[in-house]
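In: Turn this into a structure:
(one chain, ligands or ions: 1)
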Amino acid sequence: MQPAPEVPARSSYDAVIVGGGHNGLVAAAYLARAGRSVLVLERLDHTGGAAVSAPAFPGVPARLSRYSYLVSLLPQKIVDDLGLRFTVRRRRISSYTPTVRGGRPTGLLVDAADPARTAARFRELTGSEREFTAWQEFYAMTSRVAERVFPSLTEPLPTREELRRRVDDPVAWAALFEQPLGETLEQTFADDLVRGVVLTDALIGTFTNAHDPSLRQNRCFLYHVIGGGTGEWHVPVGGMGAFTDALVDAAAAAGAELRTGCEVTALATDGTTAEVTYRAGDTERRVGARQVLCGAAPATLDRLLGRPAEQPGPEGAQLKVNMLLRRLPRLRDTAVDPRDAFAGTFHIAESYTELETAYRLAEAGRVPSAAPSEIYCHSLTDPSVLSPELAAQGYQTLTLFGLQLPARLFTQHGEAAREAALKAVLEPLDACLAEPLADCLAVDERGRPCLEVKTPADLERDLGLPGGNIFHRDLAFPYGDPAENRWGVATEQPNILLCGAGAVRGGGVSGIPGHNAAMAALGR
Ligand SMILES: Cc1cc2nc3c(=O)[nH]c(=O)nc-3n(C[C@H](O)[C@H](O)[C@H](O)COP(=O)(O)OP(=O)(O)OC[C@H]3O[C@@H](n4cnc5c(N)ncnc54)[C@H](O)[C@@H]3O)c2cc1C
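Out: Next comes the predicted model:
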């Protein structure tokens, strides 16, 4: 995409899409393929929103998935419908969690392709077969729910009762949709580390704890275990930007006009036609639209319509750290090869107790001294994000996602909180390594370590995510009232639809709200 904003070809469009994130592009591609005139207006100088690849370190030929990094929720149907040239790859290892037992470094390796190896690691860690059996039963239950719920996400919104009937498993329904996840985890698992590994999926980007009565943790967990009908998380080949590039090609080939460097500043509608005001460089422009699809967050839509902001506003709770290493560090747990440990999700300080302690500290306004986080190495599964020279020399990318670090800490304590949060995630990581991570970091062309930190405040500034919330707002259970909101994308205005992560069944790299908004706009 060219950064220079051009004047749109028409004065009015069937659909104007606010934001060229991956969901806006999915909507644009579907609508343009259905013969609608479509204009996408993106405030940044590039498309993709939180689904992009970038050369994050000057002079270093590595394209990192700068924000989102794994794909699970993208339905194959969207890839097929839009003819996207985009593939994902399975990770060899599901997860590894280092710990110390009896004064000895050890860890829990989950190798989905090798149940015997996984069973042995569980036995060694917990001293019996019990936890592994519980683990297998628990995830068999979530897989059955995934199989039944995932296909519904690209259909008209079911009612709660319809979805409950579809799940057809009262125990699973109660565990995932009705009672705080902590109750289920405490009944199912005995080991603190095992409980924690399971709970992490409920806390991604979401500031909550196991017993939150609002079930925020259950909603986050659900979206992390139903993707693709299996709950598996895959590596996007070529990085997350490859997905966005494929969508740009599909939308443009179908005739959608994509304009970057165009920030929408106001929307006005009488319910039938709308006027979109946007800024292109120093120029303010207006364009008409029969329908407006908003791929920006609901809080942004409120602002554009001149509506008061909902209180409290959305809040993210994560720290993202992107790194490039000259080599993978050695582990204190010598029973595991680092190439296995880092290939899956590497959990740090994520026992059940540590997750709760970090939550309580952050809730009291303090940066936890040991913040839970998870790490994953993209280049072990897909070296194409590195130049052939870097790959041949053994360089590896590393992405770290820290939990329980709400935006409020960074707005209250600014730069000091950033430094404290970085220390809080790196120190527990170093404690699992047989050599300091700093010794393995690559350096950029100016000799600076290849390490980039993104706080929620950075995400708000860089990506326009209100409060740095990676899902635009709290995730919603995937049901509702179809009489009022057939596709989960309706707003108070009949010709303004949500097409981004803030829709019901939004959140994550899925394209689902983009698809559903297009279906709603087409009257399907
Ligand atoms: C650090 C991080 C890690 C994540 N990791 C994962 C992961 O591994 N897997 C996963 O599935 N999900 C992950 N997520 C979540 C996922 O990336 C997002 O939920 C998803 O990308 C949202 O896509 P979207 O198209 O709905 O919105 P966005 O990507 O937010 O795109 C919205 C677009 O609208 C533009 N915009 C905003 N306001 C205006 C305006 N006024 N005018 C014009 N344009 C505007 C923005 O610039 C942006 O390009 C992560 C997110 C972050 C931030």
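
In: if you go through the stretch 101-250 of the chain in chain order, where are the strands?
Out: 104-110, 235-236 (DSSP state E, counting those that start in this stretch).

In: make that the stretch 251-400 of the chain, sorry
Out: Assigned by DSSP E, counting those that start in this stretch, the stretch 251-400 of the chain shows strands spanning 257-259, 262-269, 274-280, 283-294, 319-325, 345-348, 373-376, 396-402.

In: In TSV: the ones you listed, plus mean neighbour count, distance to residue 28 and mean pLDDT.
Out: The C-beta positions use only the backbone N, C-alpha and C, and glycine is treated the same way. Putting those into TSV (neighbours: other C-beta atoms under 10 Å; distance: least, C-beta to C-beta, whole Å; pLDDT from 0 to 100) gives the following:
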stretch	mean neighbour count	distance to residue 28	mean pLDDT
strand 257-259	21	7	98
strand 262-269	19	14	98
strand 274-280	20	14	98
strand 283-294	20	8	98
strand 319-325	24	27	98
strand 345-348	24	32	98
strand 373-376	24	30	97
strand 396-402	24	28	98
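
In: Let me have the ones you listed in a markdown table, extended by distance to residue 437.
Out: Listed next are the strands of the stretch 251-400 of the chain as a markdown table, based on distance: least, C-beta to C-beta, whole Å:
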| stretch | distance to residue 437 |
| --- | --- |
| strand 257-259 | 40 |
| strand 262-269 | 38 |
| strand 274-280 | 42 |
| strand 283-294 | 41 |
| strand 319-325 | 8 |
| strand 345-348 | 11 |
| strand 373-376 | 10 |
| strand 396-402 | 9 |
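
In: Tabulate those strands in TSV, adding columns for distance to the ligand.
Out: Converted to TSV, the strands of the stretch 251-400 of the chain look like this (distance: least, C-beta to the nearest ligand atom, whole Å):
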stretch	distance to the ligand
strand 257-259	9
strand 262-269	4
strand 274-280	7
strand 283-294	9
strand 319-325	4
strand 345-348	10
strand 373-376	9
strand 396-402	6
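
In: Among those strands, which comes closest to residue 212?
Out: The closest of these to residue 212 is strand 396-402. By C-beta to C-beta, the value is 19.3 Å.

In: List of residues touching the closest one?
Out: Strand 396-402 is touched from outside by 62, 64-65, 69, 204, 318-325, 327-328, 342, 371-380, 385-386, 421, 424-425, 429, with contacts defined as C-beta atoms under 8 Å, 6 or more residues apart in numbering.

In: In contact with the closest residue to residue 247 other than its chain neighbours, which residues?
Out: With C-beta to C-beta, 6 or more residues apart in numbering as the criterion, residue 247 has its nearest non-adjacent residue at 3.8 Å, and that residue is residue 25. Going by C-beta under 8 Å, 6+ apart, residue 25 touches 40, 47-48, 244, 247-248, 250-251, 258, 514.

In: Is residue 25 in a helix, a strand, or coil?
Out: Following DSSP: H, G, I helix; E, B strand; the rest coil, the label given to residue 25 is helix.

In: Could you double-check that residue 8 lies in contact with residue 288?
Out: No: Residue 8 is beyond contact range of residue 288, at 10.4 Å (criterion: C-beta atoms under 8 Å).

In: The ligand contacts on this structure?
Out: By the rule C-beta under 6 Å from any ligand atom, the part of the chain lying against the ligand is 18-24, 41-44, 49-51, 67-70, 73, 263-264, 295-296, 300, 320, 459, 463-465, 470-471, 500-501, 507-509.

In: switch the cut-off to 5 Å
Out: Taking C-beta under 5 Å from any ligand atom, the part of the chain that reaches the ligand is made up of 19, 21-23, 42-44, 49-51, 67-70, 263-264, 295-296, 300, 320, 464, 470, 500-501, 508-509.

In: Sort out for me which of those residues are in strands.
Out: Here DSSP state E is the test, and the residues of the chain next to the ligand give 263-264, 320 as lying in strands.

In: is it possible to export those to a markdown table including distance to residue 13?
Out: A markdown table is the format used below for these (distance: C-beta to C-beta, whole Å):
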| residue | distance to residue 13 |
| --- | --- |
| 263 | 17 |
| 264 | 13 |
| 320 | 35 |
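
In: For residue 47, give me its contacts.
Out: Applying C-beta under 8 Å, 6+ apart, we find residue 47 in contact with 1, 20-21, 25, 40, 244, 247-248, 258, 260.

In: scratch that, residue 221
Out: For residue 221, the contact set (C-beta under 8 Å, 6+ apart) comprises 176, 181, 201-202.

In: any chance of those in JSON lines, with neighbour count too?
Out: Output for the contacts of residue 221, formatted as JSON lines (neighbours: other C-beta atoms under 10 Å):
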{"residue": "176", "neighbour count": "24"}
{"residue": "181", "neighbour count": "27"}
{"residue": "201", "neighbour count": "20"}
{"residue": "202", "neighbour count": "28"}
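
In: Any figure for the gap between residue 272 and the ligand?
Out: Going from residue 272 to the ligand by C-beta to the nearest ligand atom, to the nearest Å gives 22 Å.

In: Which residue, neighbours along the chain excluded, lies closest to that residue?
Out: Sequence neighbours aside, residue 495 is the residue nearest to residue 272 in space, at 6.2 Å (criterion: C-beta to C-beta, 6+ apart).

In: Tell me how many other residues surround the one you found.
Out: Applying other C-beta atoms under 10 Å, we find 18 residues neighbouring residue 495.

In: ok, it to the ligand distance?
Out: Distance, residue 495 to the ligand, by C-beta to the nearest ligand atom: 18 Å.

In: for that residue, what are its contacts?
Out: With contacts defined as C-beta under 8 Å, 6+ apart, residue 495 is in contact with 269, 271-274, 289-292.

In: Rebuild these as TSV, extending it with distance to residue 406.
Out: Converted to TSV, the contacts of residue 495 look like this (distance: C-beta to C-beta, whole Å):
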residue	distance to residue 406
269	34
271	37
272	41
273	40
274	35
289	36
290	40
291	35
292	31
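
In: closest to residue 408 out of the strands of the stretch 251-400 of the chain?
Out: Relative to residue 408, the nearest member of the strands of the stretch 251-400 of the chain by C-beta to C-beta is strand 319-325, separated by 13.5 Å.

In: starting at the chain centroid, how far to stretch 252-260?
Out: Taking C-alpha atoms, centre = their mean, to the nearest Å, the mean C-alpha location of stretch 252-260 is offset from the chain mean by 25 Å.

In: where along the stretch 151-300 of the chain do the helices fall?
Out: Remark: helices of the stretch 151-300 of the chain, listed N- to C-terminal, are 160-167, 170-173, 181-188, 192-199, 216-225, 240-253, 298-304; assignment by DSSP state H, counting those that start in this stretch.

In: what would those helices look like in JSON lines with mean pLDDT?
Out: Below are those laid out as JSON lines (pLDDT from 0 to 100):
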{"stretch": "helix 160-167", "mean pLDDT": "98"}
{"stretch": "helix 170-173", "mean pLDDT": "98"}
{"stretch": "helix 181-188", "mean pLDDT": "98"}
{"stretch": "helix 192-199", "mean pLDDT": "98"}
{"stretch": "helix 216-225", "mean pLDDT": "98"}
{"stretch": "helix 240-253", "mean pLDDT": "98"}
{"stretch": "helix 298-304", "mean pLDDT": "98"}
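
In: quick one: which of those helices is nearest residue 95?
Out: When the helices of the stretch 151-300 of the chain are ranked by distance to residue 95, counting by C-beta to C-beta, first place goes to helix 192-199 at 6.6 Å.

In: what's the angle from that closest one to helix 181-188?
Out: Inter-element angle recorded for helix 192-199 and helix 181-188: 140 degrees (by axes from the mean of the first three to the mean of the last three C-alpha atoms, to 10 degrees).

In: export helix 192-199 as PDB, just CAs?
Out: Backbone C-alpha positions of helix 192-199 (Å, rounded to 0.1, in the frame of the first residue of the first chain) are rendered in PDB as follows:
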ATOM      1  CA  ASP A 192      -0.600 -25.500  41.400                       C
ATOM      2  CA  LEU A 193       1.500 -25.400  38.200                       C
ATOM      3  CA  VAL A 194      -0.900 -27.400  36.200                       C
ATOM      4  CA  ARG A 195      -3.800 -25.200  37.300                       C
ATOM      5  CA  GLY A 196      -1.800 -22.100  36.400                       C
ATOM      6  CA  VAL A 197      -0.900 -23.400  32.900                       C
ATOM      7  CA  VAL A 198      -4.600 -23.900  32.200                       C
ATOM      8  CA  LEU A 199      -5.700 -20.600  33.700                       C
END
